[in-house]
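> I'll drop the sequence and a predicted model, then ask my questions.
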Amino acid sequence: MEYVIEMRNIVKKFAQKEVLKGVNLKVSHGEIFGLLGPSGAGKTTIIKILTGQLQCTEGVSTILGQDTAALTSFVYRKMGMMMDNLGLYERLSCYDNLKLFAKIYDVPQGRISEVLKQVDLAEAAKVPVSKLSKGMRGRLALARAVMNEPELLFLDEPSSGLDPQAVTMIHQLIRKEQKRGAAIFLTTHNMEEAGKLCDHIALLNEGKIVEYGSPKEICLRYNHQNKLQIRLLDGRNVVLPNGKFAADEVKEYLAKEMVETIHSTEPSLETVFMELTGRRFE
Ligand SMILES: Nc1ncnc2c1ncn2[C@@H]1O[C@H](COP(=O)(O)OP(=O)(O)O)[C@@H](O)[C@H]1O
Ligand SMILES: [Mg+2]
């Protein structure tokens, strides 16, 4: 099995509405893959197809080598997921929510305290979910997703609506899961998050993947705004195009030892994606 996830020409229609229009994706073992796209692009639909919650209209997709149209418990045991709609039991405590899950997935009970500690909920173990803040719920959902030490982890907007502290913790845990050997498929509309965390990202817009690569590759591809920023010792800031036309001027500053700092600026993922989709992601 070369890839943990493969989608080939996936089409999804809801009644007459074609939401996915031929999506192709590949995710390798152990990588953090980010699916980005504006609200309504079809990100959650893709996760639902990959996790067997929805059937696609056309195409074939596999996870861990198995067709997602007929996933077996063999694969379910090797994956974890965190999504909005996968409800936690409001009246049960954090601990009991995880205990229920541990039973279904044959996870040793000792693991419950371990993951609660990992997401900093050890002290809230006995608190019912109904009393948790949004950030705490997010962390509990993540604890549940990683409890069975999955080979493949799906996270649908894991940091959306959370405070910065909770986001940092979630990012740390995602990196830790990757170190352990898991591949992570996450969706987000936070460019900064994607740029920092992901090995590869794909941009979904109107049902199609319109860009794919490492964050760095993608930014370099849209490098036509590339500029040189030079800060001179006399306090002046000089901005020049990054090209041969600037060579003489740069050379002169350097020759006269006037330069304090010099660097090139690339476009951010955010500007690239705004250019591609024509809109902001919020
Ligand atoms: N069960 C459904 N029935 C009809 N339309 C749906 C259903 N689920 C999603 N959609 C539509 O599909 C599109 C993509 O939705 P979704 O995958 O949730 O987008 P995203 O997660 O990128 O915000 C939206 O226009 C949404 O209204
Ligand atoms: Mg969604």
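On my side now, so go ahead. Numbers count the residues shown, from 1 in each chain. Ligands and ions are numbered 1, 2, ... in the order given.
> List the buried residues for stretch 42-59?
Residues 42-54, 56, 59 are the ones in stretch 42-59 that count as buried (16 or more other Cβ atoms under 10 Å). The way it works is simple: take the backbone N, C-alpha and C, and place the C-beta from them, glycine included.
> Return the subset of these lying in helices.
Within these, residues falling in helices by DSSP state H are 43-50.
> need the strands for the stretch 101-250 of the chain, in chain order.
Assigned by DSSP state E, counting those that start in this stretch, the stretch 101-250 of the chain shows strands spanning 152-156, 183-188, 200-205, 208-213, 227-232, 237-241.
> Listing partners with orientation, what would you give for the last one?
Strand partners for strand 237-241, identified by DSSP bridges, are recorded as strand 227-232 (antiparallel).
> So which residues make contact with the partner strand?
Contact with strand 227-232 is made by 237-242, 246, 250, 253, 258-265, as judged by Cβ atoms under 8 Å, 6 or more residues apart in numbering.
> before we move on, back to that, how about the strands of the stretch 101-250 of the chain in CSV, adding mean pLDDT?
Below are the strands of the stretch 101-250 of the chain laid out as CSV (pLDDT from 0 to 100):
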stretch, mean pLDDT
strand 152-156, 97
strand 183-188, 96
strand 200-205, 94
strand 208-213, 94
strand 227-232, 88
strand 237-241, 85
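> Out of these, flag the one nearest residue 277.
Distance to residue 277, taken as Cβ to Cβ, is lowest for strand 200-205 among the strands of the stretch 101-250 of the chain, at 4.8 Å.
> and that closest one, anywhere near ligand 2?
No. Against ligand 2, strand 200-205 shows no contacts by Cβ under 5 Å from the ion, the least distance being 10.5 Å.
> Return that strand as CSV; C-alpha atoms alone will do.
Taking C-alpha atoms only, strand 200-205 is exported to CSV below (Å, rounded to 0.1, in the frame of the first residue of the first chain):
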residue,chain,number,x,y,z
HIS,A,200,1.2,19.0,1.8
ILE,A,201,-1.9,21.0,1.3
ALA,A,202,-4.6,20.9,-1.3
LEU,A,203,-7.0,23.8,-2.0
LEU,A,204,-10.6,22.8,-2.7
ASN,A,205,-12.7,25.3,-4.5
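> Residue numbering should commence at 17 henceforth.
Renumbered: residue one is now 17, and that last one reads strand 216-221.
> Now render the strands of the stretch 117-266 of the chain as CSV, adding mean neighbour count and distance to residue 37.
Formatted as CSV, the strands of the stretch 117-266 of the chain follow (neighbours: other Cβ atoms under 10 Å; distance: least, Cβ to Cβ, whole Å):
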stretch, mean neighbour count, distance to residue 37
strand 168-172, 24, 21
strand 199-204, 25, 18
strand 216-221, 22, 10
strand 224-229, 16, 5
strand 243-248, 16, 36
strand 253-257, 13, 38
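> Including distance to ligand 1, could the ones you listed go into CSV?
Formatted as CSV, the strands of the stretch 117-266 of the chain follow (distance: least, Cβ to the nearest ligand atom, whole Å):
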stretch, distance to ligand 1
strand 168-172, 7
strand 199-204, 7
strand 216-221, 7
strand 224-229, 13
strand 243-248, 33
strand 253-257, 37
